[in-house]
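> Curious how this folds, go ahead:
(chains A, B, C and D)
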Number of protein chains: 2
Amino acid sequence: MPHTYEYPRPSLTVDAVVFGFDDQDLKVLLIQRGLEPFQGKWALPGGFVHMDEPLEAAVRRELKEETGLTNVFLEQLYTFGDVARDPRGRVVSVAYYGLVKLADHQVLAATDASNAAWFPVAELPPLAFDHDRIMEAAHKRLQGKVRYQPIGFELLPKKFTLSNLQHLYETILERPLDKRNFRKKILGMAGGDLLIDTGEIEQDVSHRAARLFSFNQKRYQTLEKKGFNFEL
Amino acid sequence: MPHTYEYPRPSLTVDAVVFGFDDQDLKVLLIQRGLEPFQGKWALPGGFVHMDEPLEAAVRRELKEETGLTNVFLEQLYTFGDVARDPRGRVVSVAYYGLVKLADHQVLAATDASNAAWFPVAELPPLAFDHDRIMEAAHKRLQGKVRYQPIGFELLPKKFTLSNLQHLYETILERPLDKRNFRKKILGMAGGDLLIDTGEIEQDVSHRAARLFSFNQKRYQTLEKKGFNFEL
DNA sequence: TCAAAAGTGTTAACCATACACCCATGC
DNA sequence: GCATGGGTGTATGGTTAACACTTTTGA
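Got it, this is the predicted structure:
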């Protein structure tokens, strides 16, 4: 069923850089390409935008189809439109970055996407197309945004220890943080309302168990409207 | 000369929100549409992306064609892809924001774009398509970015007084700033190297003439690489 | 009892804020 | 001489940064 236009049109795709955190590394979800071009190479999940589909819906659909992931936090990153970025012709791609709680959902467990895998950001294989550029842009955006928006919590389980949180920040920002100052700041933020002490503690650890906290999303949204700014 | 594809493709356009500052107001460049849809309405400059043309080049071409503007500072803003944002069908638009030194160049003087005009951001006419949303996003981006990147200088003439600069910030941020603290901060920044005292003073003012400064772009770029951060 | 990580305060340096008067110039 | 904006310093309060030991728990 061919489609004909008076003027030529670029193809439009979406790509997703989905980050996860496993208490050790910051990781990214990649798929191994089954078709040419770049057959066998690793690439970002993504694909063509349908005519009746908003951009973000297209990313969610592709993520589900290619990796089985659903319910991902997503934000638009940047649109890549270099003339030669795809050997098949002019393809413009709207890139998104995503954050996912690796520990909560058993991601990639029950999917047929056997060619999808998580890679540590620090040890990525060579990527297809200009996906290394997209990766780099997404990583920089994450590093910038995590400092003034409470998006880090999207990478942690609902209940987490302050050490989990600190370690996440240290991993993303690639620098050590002072434990006492970190706790003081994050617990004191917004009048001490931002984190909820669940009253529970870690289980099955071979040392003193830490208290589990959760992020007070509702409280944050209320404060945000009143001009409150999360910062570091 | 028709073009045929196996799958349907959205149209791809670019739009530009170009800001200018005239020492009084923050302004935006709009064009009055000559064709349907929205004939006669004001809209952002923009148009279709050519097949052999990078996105930013497309914005620059459209800006030149529609408004006569060249040599604009441009950054990508966001890509708008709602299914119904254009009554003609699926049109995805990559929006850019631009900054221009209104005082230096006699913009719009010698162009045939008689249907282009500058409007104060605070008093915009109703806009075509979803251009009010794009405007709003651009304005917010400007307000956010001006605080941690030295982009304000793109809106001022090469030589400016500290009062010019302060007034620009007050206009963009929509709040008053303390004169002494502002001067202290901006002059002390980067070891006092960020602004160059040109040794010249204002001409033709009916009060004490202020010193003229220029932004030390080279010095800033050097410092930026070493991890220096401009901030407010 | 040892290992491993949790939890906890104080001090000093720095930075942000608030604030008011005299100066130079043109009319 | 008056109106207009240019130019300047200090004191206070708050924020950040540096820093080390005791506690709890399981192995």
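> gap between stretch A:73-82 and the chain center?
12 Å (C-alpha atoms, centre = their mean, to the nearest Å).
> Actually, stretch A:186-201.
Worked out by C-alpha atoms, centre = their mean, stretch A:186-201 lies 24 Å from the chain centre.
> try stretch A:119-131
Worked out by C-alpha atoms, centre = their mean, stretch A:119-131 lies 15 Å from the chain centre.
> how about it as CSV, C-alpha atoms only?
Taking C-alpha atoms only, stretch A:119-131 is exported to CSV below (Å, rounded to 0.1, in the frame of the first residue of the first chain):
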residue,chain,number,x,y,z
PHE,A,119,25.2,-2.8,29.8
PRO,A,120,27.1,-0.7,32.3
VAL,A,121,27.4,2.8,30.9
ALA,A,122,31.1,2.6,31.5
GLU,A,123,31.5,-0.4,29.3
LEU,A,124,29.4,-0.1,26.3
PRO,A,125,29.9,-2.0,23.1
PRO,A,126,30.2,-0.1,19.8
LEU,A,127,26.8,1.1,18.9
ALA,A,128,24.9,1.3,15.5
PHE,A,129,24.1,4.5,13.7
ASP,A,130,24.9,7.7,15.7
HIS,A,131,23.7,6.0,18.9
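> where do the strands sit along chain A?
Secondary structure of chain A by DSSP state E: the strands cover A:3-5, A:11-21, A:26-32, A:42-43, A:46-48, A:73-80, A:91-100, A:116-120, A:195-201, A:211-215.
> can you redo those as TSV with mean pLDDT and mean neighbour count?
For the C-beta atoms, the positions are set from N, CA and C on the backbone; glycine is no exception. Below are the strands of chain A laid out as TSV (pLDDT from 0 to 100; neighbours: other C-beta atoms under 10 Å in any protein chain shown):
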stretch	mean pLDDT	mean neighbour count
strand A:3-5	97	12
strand A:11-21	98	24
strand A:26-32	97	22
strand A:42-43	98	19
strand A:46-48	98	19
strand A:73-80	99	19
strand A:91-100	98	24
strand A:116-120	96	16
strand A:195-201	97	13
strand A:211-215	98	18
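> got those strands as CSV, with distance to residue A:165 columns?
Output for these, formatted as CSV (distance: least, C-beta to C-beta, whole Å):
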stretch, distance to residue A:165
strand A:3-5, 50
strand A:11-21, 10
strand A:26-32, 14
strand A:42-43, 30
strand A:46-48, 30
strand A:73-80, 16
strand A:91-100, 14
strand A:116-120, 20
strand A:195-201, 8
strand A:211-215, 8
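> Tell me which of those strands sits nearest to residue B:206.
Taking C-beta to C-beta as the criterion, residue B:206 comes closest to strand A:73-80 out of the strands of chain A, the separation being 48.2 Å.
> Check which strands are paired with the closest one and give the direction for each one.
strand A:91-100 (antiparallel) (DSSP bridges).
> before we move on, back to that, in TSV: the strands of chain A, plus distance to DNA strand C.
Listed next are the strands of chain A as TSV, based on distance: least, C-beta to the nearest atom of the strand, whole Å:
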stretch	distance to DNA strand C
strand A:3-5	54
strand A:11-21	16
strand A:26-32	19
strand A:42-43	32
strand A:46-48	37
strand A:73-80	25
strand A:91-100	22
strand A:116-120	19
strand A:195-201	7
strand A:211-215	4
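> Any idea which of those gets closest to residue B:149?
Across these, residue B:149 has its closest neighbour in strand A:73-80 (16.1 Å, C-beta to C-beta).
> List the contacts of the closest one.
Residues outside strand A:73-80 that contact it (C-beta atoms under 8 Å, 6 or more residues apart in numbering or on different chains) are A:15-17, A:55-56, A:59-60, A:92-100, A:130, A:133-134, A:137-138, A:141, A:151, A:154, B:55, B:76, B:78-79, B:94.
> List the contacts of residue A:103.
A:22-23, A:156-157.
> what does residue A:41 give?
A:32-33, A:125-128.
> Give me the buried subset of these.
A:32-33, A:127-128 (16 or more other C-beta atoms under 10 Å in any protein chain shown).
> measure residue A:203 to residue A:159 for me?
Applying C-beta to C-beta, to the nearest Å, the value for residue A:203 to residue A:159 is 11 Å.
> how about the residues of chain A near DNA strand C?
Taking C-beta under 7 Å from any atom of the strand, the part of chain A that reaches DNA strand C is made up of A:161-163, A:179-181, A:183-184, A:201, A:206-211.
> hang on, the earlier thing: can you list the contacts of residue A:41 in TSV and add distance to residue A:169?
Listed next are the contacts of residue A:41 as TSV, based on distance: C-beta to C-beta, whole Å:
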residue	distance to residue A:169
A:32	31
A:33	34
A:125	27
A:126	29
A:127	26
A:128	31
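> Of those residues, which is the nearest to chain B?
Distance ranking of the contacts of residue A:41 against chain B, using C-beta to the nearest C-beta, places residue A:33 first at 19.1 Å.
> isn't that closest one right up against residue A:128?
Yes - applying C-beta atoms under 8 Å as the test, residue A:33 and residue A:128 come out as touching, 5.9 Å apart.
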